[in-house]
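Peer 1: the sequence isn't on hand, but the structure is:
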């Protein structure tokens, strides 16, 4: 497919990297020729220098015959204008990153329908949603939903003394009689592997499991390290009263969290207090641990740092962890730090860039793929497919199909029922299948379901 | 300030007043009470004074904020002065000060009376007495929802006659148009109550007078025994209902009439007002049970009536609450300070101010526990401006200050402790009956002239939200 990307910022670069790796023809338009050259050096894409909102530049970049148009510059107006131009050139799929709630909010005067944009992505909104989703699962750090939320993909960090620690997958299989779930991947250090029966879960691992929503409570009981007394409402500390912090606070208020929002600017504090109902707004610096301790950060279930500064986020998360906060989440923008943070002991790192890119990828590749999620710190992905009518795969047991190595089926959903697959399971037309795939196997998995 | 412009506007107002003075003539002719001539005289005097003022001064520009204070204060004062003419000319109230007291009590919708025998008055004078209430109430609605917010008095900018939200919900951009809408509601409710009272067997004149006095939260009755004279549970409940409605912000009524009943449920002041009414009634029923009233229904009827009458600052009476247990009297006195909702015809400190004062106190306490927490005082879901909160705190201090000074002055006239305090709060909150020698079955006739003068000022100040009147004391106000 021919894909035109406007804007070589973080999101643009990430999209180029992913889409070109999957063998698409990617053209990147950016104003800065120097920047373009760097991208061209590192990735297999074609760079065109110029303004993305100019018809001339777009023609130069070969907009005619483009299948997918993605505008992700830093300027909302440029992105919107570029998409309007793309509509004139009859590009079938148009995606824009838009930060202003003028366009994305409810009751927007210029909605995405009127603008002719298929998908409007606001990175700050997607990341806030992601943070809220992670916050309400205790012990887990990465959650994605498939098949309308029926199938949950959850990452757990294995701490020393965890009930699953030092178990082999085979031993785990016996427990699976009671608890229905699949361990699809273990990430250990830099490596992500798809485990076999004799692999052992070790302390320090991250494990990724698939489970049906209905089985989650039982599962959480099994995976919970220490039973948490549920006397009061869970407390969440949020550091950073920016747009993301406010959105997270609102989401968590809805989820009946006791929210405490820390912001260092007094005027902004007052604005936040005006916008929030129950949340307590605290005027303090993130590293002012004494104030945070006085307000009870040590007894809180989760600490979420979302300031603009990655280092502040990481440091304050670590400080709070040290003082006994249940879990710490940090917003990390720099890709280099994103890999480092989990090894320091932060429970989850989220990046607006990754969230937005994942949302765009999910939308762009919806041919046979229904939804996907990217996994932090590795390039592995989770994809959802639908088994086509008259598919050759139908009716045969999985063991006799040559399913690509480096990928594993996590769940099969058939109308109202679902199945955690074994070698004897069969696929039927119309089934929705959730697959975990390492980067090398992605293309083969897609071909498998063609 | 622009004195000639102020006088010009006062002249125009007097001409309107002359027009209203003609209305009781119809009643006088219908009842052949022989008082028609006094109204004609009063109307002519008022008209002449009005025309002289209007002609003697050049029509000026738009009045400034400062002129606004003078126009409102002196407007109310000249209305009371000229409105008193029929009582004085007819000889029904021989003392000019007493006549002024009675009319000021009317126009400020207080309902405190110096008359020992109301029923001795000619029907047209009774009608005029009630009409002063009704006209005063009309003035108050516009004053509290449009004019005072503009002048920024005592945090009243918070209650500007518009519902926060999309522009479609606003009332009207011009004061005149807003006033017409709100008066429409006022007139509609008055007609409705008149009809309901007539259905209960009250005469037409009595029904009109009582509807006037209820909707304006005034309290002048045509009977010595007030509403109790009719001895009808039906009439009591109708009056309770309409007193309650008169104590609600009229812009809410307007929204409700347009089919938006949700505005009641979303309005925090209304909900608090409802809560106070229900709680106070519940407490009174509880404490009166077995001591004053045996039957629950009778108990509820009398308790609810006194609560709404005092809280909305109407001041009708159906029971001598001085014979009730002290604790219930105490509860009623507490209600006297609260008053109706902002934007209603009720007086007092206003429910919204009390609510915000409590919220402010709560935030102060909260800050002691969480010194770094930032917490705002909110009404509904909107934060209250710091200036508004300060204006409200200032209002509270001033209200209490005026209360202390005025009751000190009354005590200096030889009144006892309870009566002097009660007389001041009953006039300052524009209620009418107080406790002690000015209780629900007494009147203000026995107070010395100096005391009456103090109370007249209290009525005026309380009605015009203190600041409007007190700002005139500053010498710098009068300088250009």
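Peer 2: Received the coordinates, thanks. Computed from a predicted model, the values in this text were never measured in an experiment.
Peer 1: which positions in chain A make contact with chain B?
Peer 2: A:266, A:269-270, A:272-274, A:277, A:280-284, A:291, A:294-295 (C-beta under 8 Å from any C-beta of the partner chain). From N, CA and C alone the C-beta is placed, and that goes for glycine too.
Peer 1: tell me which of those fall in strands.
Peer 2: With strands defined by DSSP state E, the entries of the residues of chain A next to chain B inside them are A:280-283.
Peer 1: can I get those residues in TSV with pLDDT?
Peer 2: TSV is the format used below for those (pLDDT from 0 to 100):
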residue	pLDDT
A:280	91
A:281	92
A:282	92
A:283	92
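Peer 1: adding distance to residue A:413 and neighbour count, write the residues you listed out as JSON lines.
Peer 2: Listed next are those as JSON lines, based on distance: C-beta to C-beta, whole Å; neighbours: other C-beta atoms under 10 Å in any protein chain shown:
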{"residue": "A:280", "distance to residue A:413": "42", "neighbour count": "22"}
{"residue": "A:281", "distance to residue A:413": "43", "neighbour count": "27"}
{"residue": "A:282", "distance to residue A:413": "44", "neighbour count": "28"}
{"residue": "A:283", "distance to residue A:413": "48", "neighbour count": "21"}
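Peer 1: closest to residue A:355 out of these?
Peer 2: Using C-beta to C-beta, residue A:281 is the member of those that lies nearest residue A:355, at 25.0 Å.
Peer 1: next up, phi/psi of the spatially closest residue to residue A:415 that is not a sequence neighbour, please.
Peer 2: Spatial nearest neighbour of residue A:415, excluding adjacent residues (C-beta to C-beta, 6 or more residues apart in numbering or on different chains): residue A:430 at 7.9 Å. Dihedral pair for residue A:430: phi 90, psi -10, per degrees, to the nearest 10.
Peer 1: surely residue A:430 meets residue A:413?
Peer 2: No. Between residue A:430 and residue A:413 there is no contact under C-beta atoms under 8 Å: 9.9 Å.
Peer 1: more crowded one of these two?
Peer 2: Using other C-beta atoms under 10 Å in any protein chain shown as the criterion, residue A:430 and residue A:413 rank with residue A:413 on top: 21 against 14.
Peer 1: can you tell me the helix or strand for that one?
Peer 2: Per DSSP states H and E, residue A:413 falls inside strand A:407-414.
Peer 1: show me what counts as buried in that strand.
Peer 2: Residues of strand A:407-414 classed as buried by neighbour count (16 or more other C-beta atoms under 10 Å in any protein chain shown): A:407-413.
Peer 1: settle this for me: residue B:11 is touching residue B:58, isn't it.
Peer 2: No. Look at residue B:11 against residue B:58 with C-beta under 8 Å: they stay out of range, at 11.6 Å.
Peer 1: more neighbours, the two?
Peer 2: residue B:11 (19 against 8).
Peer 1: pLDDT score for the residue most central in space within chain A?
Peer 2: Centroid-nearest residue in chain A: residue A:355, 4.7 Å away (criterion: C-alpha atoms, centre = their mean). pLDDT, residue A:355: 81.
Peer 1: for residue B:191, what are its contacts?
Peer 2: Residue B:191 makes contacts with residue B:211, as judged by C-beta atoms under 8 Å, 6 or more residues apart in numbering or on different chains.
Peer 1: that one falls within a helix, correct?
Peer 2: Yes. Assessed by DSSP: H, G, I helix; E, B strand; the rest coil, residue B:191 belongs to a helix.
Peer 1: report pLDDT for it.
Peer 2: Per-residue pLDDT puts residue B:191 at 96.
Peer 1: what's the answer for residue B:3, then?
Peer 2: Residue B:3 is assigned 83 on the pLDDT scale.
Peer 1: just give me the neighbour total for it.
Peer 2: The number of residues near residue B:3, taken as other C-beta under 10 Å, comes to 12.
Peer 1: what helix or strand does the closest residue to residue A:50 other than its chain neighbours sit in?
Peer 2: Closest residue in space to residue A:50, ignoring its immediate chain neighbours: residue A:57 at 3.3 Å, by C-beta to C-beta, 6+ apart. Assessed by DSSP H and E, residue A:57 sits inside helix A:55-60.
Peer 1: what does whichever helix or strand comes after that helix contact?
Peer 2: Proceeding N to C from helix A:55-60, the next assigned helix or strand is strand A:68-71, under DSSP H and E. The contact list for strand A:68-71 (C-beta under 8 Å, 6+ apart) reads A:1-7, A:12, A:15, A:52, A:63, A:78-80, A:82-83, A:86, A:91-97, A:360, A:364.
Peer 1: what about the strands in the stretch 51-200 of chain A?
Peer 2: Secondary structure of the stretch 51-200 of chain A by DSSP state E, counting those that start in this stretch: the strands cover A:68-71, A:93-97, A:119-121, A:140-146, A:151-157, A:181-188, A:191-193.
Peer 1: roughly how far apart are residue A:114 and residue A:91?
Peer 2: Computed as C-beta to C-beta, to the nearest Å, the residue A:114 to residue A:91 distance reads 17 Å.
Peer 1: ok, now residue B:73?
Peer 2: Residue B:73 sits 71 Å away from residue A:91, going by C-beta to C-beta.
Peer 1: try residue A:42
Peer 2: Residue A:42 is 26 Å from residue A:91, by C-beta to C-beta.
Peer 1: what's the answer for residue A:238, then?
Peer 2: Residue A:238 is 39 Å from residue A:91, by C-beta to C-beta.
Peer 1: of these two, which one has the most company?
Peer 2: residue A:238 (30 against 21).
Peer 1: does the more buried one have beta-bridge partners, and which?
Peer 2: Beta-bridge partners recorded for residue A:238 (DSSP bridges): residue A:261, residue A:304.
Peer 1: what residues are up against it?
Peer 2: Applying C-beta under 8 Å, 6+ apart to residue A:238 gives the contacts A:245, A:248-249, A:252, A:259-262, A:304-306.
Peer 1: show the pLDDT at it.
Peer 2: For residue A:238, the pLDDT comes out at 93.
Peer 1: skipping adjacent residues, who's closest to residue B:94 in space?
Peer 2: Sequence neighbours aside, residue B:88 is the residue nearest to residue B:94 in space, at 7.5 Å (criterion: C-beta to C-beta, 6+ apart).
Peer 1: residue contacts, the one you found?
Peer 2: Residue B:88 neighbours (C-beta under 8 Å, 6+ apart): B:94, B:96, B:99.
Peer 1: buried set for the host helix or strand of it?
Peer 2: Under the criterion of DSSP H and E, residue B:88 resides in helix B:85-89. Buried positions in helix B:85-89, judged by neighbour count with 16+ other C-beta under 10 Å: B:85-89.
Peer 1: check stretch A:282-298 too.
Peer 2: Judged by neighbour count (16+ other C-beta under 10 Å), stretch A:282-298 contains these buried residues: A:282-284, A:286, A:288-289, A:291-292, A:294-295, A:297-298.
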